[in-house]
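Asker: What follows is a predicted structure for the sequence shown.
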Amino acid sequence: MSMLENSRMGRGLAMGLGAVSLTLLLACGGGTEPTGETVVEEDVVVEESAPAPDAAPAGEAAAPTAAAGGAGNADQGKAIYATYCGACHGTGGTGDGPAAATLTTKPRNHTDGAFMNALPNEEIFKAIKEGGASVGKSNLMPAWGATLNDAQIQDVVAFVRSLAVPPYQGQ
C-alpha cells in the first residue's frame, strides 16, 4: 500500500471516529445542562427542564439517598427518558434509538422482562446515576448523576419498570 493510500485510509478512519464521537456526544446531551428554554432539534421542539434545585453540582456526586428503593413517577420518567435515554435506547426502550447503530455494544432492550425484571431497582438506579461500568455493563452508557437528581433518576427507573414484558411485579 502506498503512502498516499495509507494517508487516505487514516483520514477516513479519523473522520469516521469523529462522526461516531459527535453522534454519541449529541445523543447523550452534548454535556450541556438543561436551561428551561425551548430548543428546536431537527424540526422537533423540545421543552428542556431546568435542573432541580437539589441536583448535584457538575463534577460532584450527590450523596446517596434512599431514592433508589423508593417509587418514582413513571409519567415524569417517560419525558426524562425520551430526552436523555431515547437516542440510544429508543423512546419505546427497545434499544433501537438513532445512535444505537453507531455503538459497538448495543443498548439494553428495556422491554425484555426476562432480563429487566430480575434486576433490583438499586442496580438500575446506579447504572443511570453512575454509568453502565458502575454495574459491570458497557462503559458507553454515560453517568447521568451530574445532570439528573435522585428523584428524576427514580422517575426514570419507574418508567423503565413500566416497559417490561412481562410486566414487572416487584416493589
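Answerer: Right, received. Where do you want to start? Numbering: from 1, shown residues only.
Asker: and whichever strand or helix holds A158, what does it pack onto?
Answerer: Using DSSP states H and E, the element containing A158 is helix 150-163. Judged by 3 or more C-beta pairs under 8 Å, 6 or more residues apart in numbering; DSSP states H and E, helix 150-163 is in contact with helix 74-84, helix 113-116, helix 121-130. Where C-beta positions appear, they are placed from N, C-alpha and C, glycine not excepted.
Asker: and among those helices, the most buried is which?
Answerer: Mean neighbour count (mean count of other C-beta atoms under 10 Å) peaks for helix 121-130 among those, with a mean of 21.
Asker: Hmm, I80 is touching L148, no?
Answerer: Yes. The criterion here is C-beta atoms under 8 Å, and I80 meets it with L148 at 6.8 Å.
Asker: Pull up the overlap in contacts between those two.
Answerer: V156 (C-beta atoms under 8 Å, 6 or more residues apart in numbering).
Asker: any chance you could map the strands in this protein?
Answerer: 38-41, 44-47 (DSSP state E).
Asker: neighbours around A100, how many?
Answerer: Using other C-beta atoms under 10 Å, A100 has 17 other residues around it.
Asker: ok, the nearest residue to D96 once chain neighbours are set aside - contacts?
Answerer: Excluding the flanking residues, the one nearest D96 by C-beta to C-beta, 6 or more residues apart in numbering is G90, at 4.4 Å. Contact analysis of G90 by C-beta under 8 Å, 6+ apart lists 96-97, 100, 107.
Asker: Next: G97.
Answerer: 27, 85-91, 107.
Asker: at 10 Å instead, please
Answerer: 27, 85-91, 103, 107 (C-beta atoms under 10 Å, 6 or more residues apart in numbering).
Asker: do you know how far the closest residue to it other than its chain neighbours is from L103?
Answerer: Once flanking residues are discounted, G97 sits nearest to G90: 4.3 Å by C-beta to C-beta, 6+ apart. From G90 over to L103 the distance is 12 Å, taken as C-beta to C-beta, to the nearest Å.
Asker: Ok, G145 next?
Answerer: The gap separating G145 from L103 is 21 Å, by C-beta to C-beta.
Asker: Much appreciated, bye for now.
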